[in-house]
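Visitor: Structure of the sequence below:
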Amino acid sequence: MRSGARLSGNKLEDVGQFTRTLIANRGKATVAELQAFLDAEYSDVQVLEVILGLAIKLMSNYTNSIAGTPLDKEVEKLRWKKPAIEERR
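Guide: Below you'll find the model as predicted:
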């Protein structure tokens, strides 16, 4: 997901694309983007599940940033680097 590489399997890629859309556009998806996700046989509930996953990650990131939580040394090599996702204008 972070690298922008295609995810294995069309269903997983559909979730990934919808997730990237929400991230890149600050939670906004066009009617067409939402419909494409639903047309991929996902439901309104699964739309909310993607949003919930993003919200949990955001809260965790903000909390760890404010608290100054150090990254575990075991995962230091996986430290996040800003991806090259273009913002829709």
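
Visitor: how many other residues sit next to residue 66?
Guide: If you count neighbours by other C-beta atoms under 10 Å, residue 66 ends up with 8. Glycine gets a C-beta too; all of them are placed from N, C-alpha and C.

Visitor: shaky segments in the protein?
Guide: Counting by pLDDT under 70, the chain shows low-confidence ranges at 1-4, 85-89.

Visitor: From the geometric centre of it, which residue sits farthest away?
Guide: Within the chain, residue 73 marks the point farthest from the mean C-alpha position, 24.4 Å out by C-alpha atoms, centre = their mean.

Visitor: how far away is residue 14 from residue 73?
Guide: Residue 14 is 36 Å from residue 73, where distance means C-beta to C-beta, to the nearest Å.

Visitor: Where is the longest helix in the chain?
Guide: helix 44-67 (DSSP state H).

Visitor: So which residues of the chain form strands?
Guide: Counting by DSSP state E, the chain forms no strands at all.

Visitor: For the longest helix of the chain, which outside residues touch it?
Guide: With contact meaning C-beta atoms under 8 Å, 6 or more residues apart in numbering, helix 44-67 is reached by 15, 18-19, 22-23, 27, 34, 37-38, 69.

Visitor: Flag every buried residue along it.
Guide: If you call a residue buried by 16 or more other C-beta atoms under 10 Å, then helix 44-67 has these buried ones: 46-47, 50.

Visitor: Work out the gap between it and the centre of the chain.
Guide: 9 Å (C-alpha atoms, centre = their mean, to the nearest Å).

Visitor: Ok, stretch 27-45 next?
Guide: The chain centre lies 14 Å from the centre of stretch 27-45; the measure is C-alpha atoms, centre = their mean.
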